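Student: Any chance you could fold what I've pasted below:
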Amino acid sequence: MASKLLASTTDLDEGEFQTATVDGTEIIVGKADGRFFAVEDVCPHAKVNIKDLCPHAYVTISYGWLEGCKLTCPWHGYSFDVHTGECLTGLETETLTVLSVEVRVEEVYLKDASGETH
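Tutor: The predicted model follows:
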């Protein structure tokens with residue numbers, strides 16, 4: 001996955017998130033507990049984005065809610081820590097895919113696999 005500008009820090013207040021698409025991967029970027037985060041917009045419970053199962057239904061984990069650093073999926077109520085990916089309820093063996101970000105000036109960037117930003 002290539003590095004990419006995900007959001008402006010001025011667009012993300014504490015407890016808010018938005019979505020972005022990078023190289024076909026849907027990503028949630030937000031701010032929780034004073035830190036910016038990015039996670040893949042797929043609940044590990046389903047292992048796929050719901051739109052792949054039913055093209056007419058488009059509900060992903062980004063339709064859930066964020067409380068502190070806990071993102072809750074609207075489908076079955078599983079909650080995940082957005083900074084560690086750890087499942088906080090139910091699926092202890094499943095984790096949310098956490099992506100590395102870097103804040104430069106007033107912008108949040110996704111780091112590529114090498115850890116570099118562009």
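Student: how about the strands in this structure?
Tutor: 4-8, 17-22, 25-32, 35-40, 65-67, 70-72, 79-81, 98-99, 101-104, 107-110 (DSSP state E).
Student: for the ones you listed, which one ends up most surrounded?
Tutor: strand 79-81 (a mean of 23; mean count of other CB atoms under 10 Å). Glycine gets a C-beta too; all of them are placed from N, C-alpha and C.
Student: What is that one packed up against?
Tutor: Applying 3 or more CB pairs under 8 Å, 6 or more residues apart in numbering; DSSP states H and E, we find strand 79-81 packed against strand 70-72.
Student: try 10 Å
Tutor: Packing partners of strand 79-81 (3 or more CB pairs under 10 Å, 6 or more residues apart in numbering; DSSP states H and E): strand 35-40, strand 65-67, strand 70-72.
Student: So what touches the second one?
Tutor: Read it as strand 65-67. Residues outside strand 65-67 that contact it (CB atoms under 10 Å, 6 or more residues apart in numbering): 14-17, 28, 30-32, 37, 71-74, 79, 82.
Student: mind running it again at 7 Å?
Tutor: If you take CB atoms under 7 Å, 6 or more residues apart in numbering as the criterion, strand 65-67 is touched by 15, 17, 30, 32, 72.
Student: list the contacts for the residue at minimal distance from the centre of the chain?
Tutor: Nearest residue to the geometric centre of the chain (CA atoms, centre = their mean): Val39, 2.6 Å. Residues in contact with Val39 (CB under 7 Å, 6+ apart) are 28, 82, 85, 96-99.
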